[in-house]
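S.K.: Okay, predicted coordinates and the sequence, questions at the end:
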Amino acid sequence: MRYQHWHIADGFSSTVRPAISGPSGAVSAAHPLAVSAGQDALAQGGNAVDAAIAAQAVLCVVAPDACGVGGDQFALVADATEIHAISGAGATPRQALKHADEGANSITVPGLAGAWAEMHTRWGSLPFSTILARAIRLAEEGIVLPCALEQTVVAHDARLRRNGAGDWQLVGLPSGQLFVQPALAALLRQFAAQGPQCFYGGNIAASIARRIATYGGAMDVKDMAAHTTHVTRPLSVTLGRDTPQATKVFVQPPPTQGILLGMALRNFTRWTPHDDLQADHIAVELTEASFAYRDRASEGQDLLDVMLEVDPARASRRGGPRAYLHTAGVSVADRSGMVVSSLISVFDDFGSCIFVPELGIVLNNRAGGFTSGTNAWAPGRVPVHTLAPAIVQSGWGTMALATPGADGQVQTLLQVIDRILRRREDIAAAIAAPRWRSEGGKLLIEQGHPSAEGLQALGHDVALRPAGALCFGAVACAGVEAGGEPFAVSDWRRNNWAGVV
């Protein structure tokens, strides 16, 4: 199978959101205000890491259903020498006796603050007071509550109230009203003054442990203090011939399921589809086959050698991927060539729904990600995470791709990468194109997808979904070509946006 370098089309009068470029940097993220914060950081002389943290901090303010300081972060950072994988995720309490899908026993030690601290120590150039300024201002002055967030609160009202979030201003607030978060602003100010690592000790850790204990959880200040952010090497898959200019896709190593994207891509290179329908069919089958290994994701690199068996002419209906939809993505590129691909999340909407009033945050429910085998629950263990940002790199440039969607992340990126590198669609068109998603034994297909009827004829249990449905994710893309300006592309789905400086 032949793969080529990506193609950027002329964006003038484009019918899809085009790739945009700027001399200092480019940002693509899950909300326009997050993009604006990233642009501010770049405009003040910051680099891609500064801008990514600034954008993520704003997302913690404007999207508390999807992400927050009580959650986690996974990121890939391409600097001048190599690509690094940041694992900002914590473990279950060491003294835990049980776990749950929500509430105080669903919480793992939040890793986002530690990841910010580690990334800034290694690469940051602006002070945290500058990086977090936009997020602090939005939390202090408030945001007008959007209808979508109000609807999400209503849908989870019972979960929020039974886990102590009934007094949170957000619960019961009508859309159109001002949502002010003074406690979150104060927490971010403390980060600005002391560094985010302060999250794991002192008054912050004590507040978290006390709130968890109130609702029957086991996490204590010792669990918080023991947290470590790991920086390792990513896993990679070479597409096509392995030459100095070859295109490689870098994925997050364990404890994430990024390896499943690597497995699907590696196995896809064995095939030469005779048309786009067969390509979609093979990709669906490889997706479902790879998810049989999700519980074994800790094996990492070794799984890349597994040969996934598929029937190119008939659907197996294996199923496998599940129906989670959350998370927020940020991708940034700067003038030096540094590129960041990142995702932050509290897992389910509002995570555990345990609200810490002194800090203005909800805590994650990542313990709900345990399953069986090597991913079985145990005290002091980190579950397999759904967060799977990717970086595509060749001798001609580096590009970040990140999308929300839990088990849909691997599937969305597989489709977008195939469209860009094998089908030779320009980046903007590939991101805008209709998608499919295997979920719960069905194949969800976005309205207008040209392969829908053909996939049904091949035996897939097809269920059409409206264009832009949450299940199809929302890609944040940013990169830089050798000798060119940083560029960004935003998906038209959800609230994604892009900006340049």
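M.R.: Nice, I can see it.
S.K.: Sticking with the residue nearest to the spatial centre of the chain, tell me its helix or strand.
M.R.: The chain has Leu343 as the residue nearest its centroid, 2.8 Å off, counting by Cα atoms, centre = their mean. Here Leu343 is covered by strand 339-345, with elements defined by DSSP states H and E.
S.K.: and what of Glu102?
M.R.: Short version: Glu102 belongs to no helix or strand, going by DSSP H and E.
S.K.: Over to Leu33?
M.R.: Taking DSSP H and E as the definition, Leu33 sits inside helix 32-43.
S.K.: if we can go back for a sec, residue contacts, the nearest residue to the residue nearest to the centre of the chain once chain neighbours are set aside?
M.R.: Leaving aside its chain neighbours, Leu343 sits nearest to Leu387 (4.3 Å; criterion: Cβ to Cβ, 6 or more residues apart in numbering). C-beta: built from backbone N, CA, C; applies to glycine. In this structure, Leu387 makes contact with 72-74, 252, 256, 258, 327, 343, 345, 409, judged by Cβ atoms under 8 Å, 6 or more residues apart in numbering.
S.K.: Equivalent analysis for Thr108, please.
M.R.: 72, 89-92, 364, 366-367, 382-383.
S.K.: follow-up on the earlier one: restricted to buried residues, select the contacts of Leu387 in ChimeraX.
M.R.: Only the buried entries of those go into this ChimeraX selection, using 16 or more other Cβ atoms under 10 Å:
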select :72,73,74,252,256,258,327,343,345,409
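S.K.: Among the contacts of Leu387, which ones are in strands?
M.R.: Among those, the ones falling in strands (DSSP state E) are 72-74, 343, 345.
S.K.: Looking at the residues you listed, which is nearest Met219?
M.R.: When the ones in strands among the contacts of Leu387 are compared for distance to Met219, the smallest value, 14.5 Å, is given by Asp72; criterion: Cβ to Cβ.
S.K.: Looking at the contacts of Leu387, which is nearest Val306?
M.R.: Where the contacts of Leu387 are concerned, and distances follow Cβ to Cβ, Val306 has its nearest neighbour in Gly258, at 15.0 Å.
S.K.: Would you mind measuring from that closest one to Gly395?
M.R.: For Gly258, the distance to Gly395 (Cβ to Cβ, to the nearest Å) stands at 23 Å.
S.K.: How about Pro182?
M.R.: With Cβ to Cβ as the criterion, Pro182 and Gly395 are 50 Å apart.
S.K.: ok so, going back, my hunch is that the residue nearest to Leu343 is in a strand, does that hold up?
M.R.: No - counting by DSSP: H, G, I helix; E, B strand; the rest coil, Leu387 is not found in a strand; it is coil.
S.K.: So among the contacts of Thr108, which ones count as buried?
M.R.: Neighbour counting over the contacts of Thr108 (16+ other Cβ under 10 Å) leaves 72, 89-92, 364, 366-367, 382-383 as the buried ones.
S.K.: Format those residues as a markdown table; extra columns: pLDDT and distance to Ala158.
M.R.: Written out in a markdown table, the entries for those read as follows (pLDDT from 0 to 100; distance: Cβ to Cβ, whole Å):
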| residue | pLDDT | distance to Ala158 |
| --- | --- | --- |
| Asp72 | 98 | 25 |
| Ala89 | 98 | 27 |
| Gly90 | 98 | 27 |
| Ala91 | 98 | 29 |
| Thr92 | 98 | 25 |
| Asn364 | 98 | 19 |
| Arg366 | 96 | 21 |
| Ala367 | 97 | 20 |
| Val382 | 98 | 29 |
| Pro383 | 97 | 25 |
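S.K.: ok, so of those residues, who is nearest Ser106?
M.R.: Ala367 (4.6 Å).
S.K.: Now that closest one: phi and psi?
M.R.: For Ala367, the backbone dihedrals are phi -60, psi -20 (criterion: degrees, to the nearest 10).
S.K.: ditto for Gln44
M.R.: Phi and psi for Gln44, reported as degrees, to the nearest 10, are phi -90, psi 10.
S.K.: let's number from 19 now, not from 1
M.R.: All set: I'll call the first residue 19, so the last point we hit is now Gln62.
S.K.: where's it relative to Pro452, distance?
M.R.: Separation of Gln62 from Pro452 (Cβ to Cβ): 39 Å.
S.K.: same thing with Arg312?
M.R.: To Pro452, Arg312 is 26 Å away according to Cβ to Cβ.
S.K.: which one of these two has more residues nearby?
M.R.: For Arg312 against Pro452, the residue with the higher neighbour count under other Cβ atoms under 10 Å is Arg312, and the figures read 21 against 17.
S.K.: Might you report the residue contacts of that one?
M.R.: So Arg312 contacts 275, 278, 338, 389, 393, 402 (Cβ under 8 Å, 6+ apart).
S.K.: Can you check the pLDDT for it?
M.R.: On the pLDDT scale, Arg312 is placed at 96.
S.K.: Ok, Asp28 next?
M.R.: What the model reports as pLDDT for Asp28 is 86.
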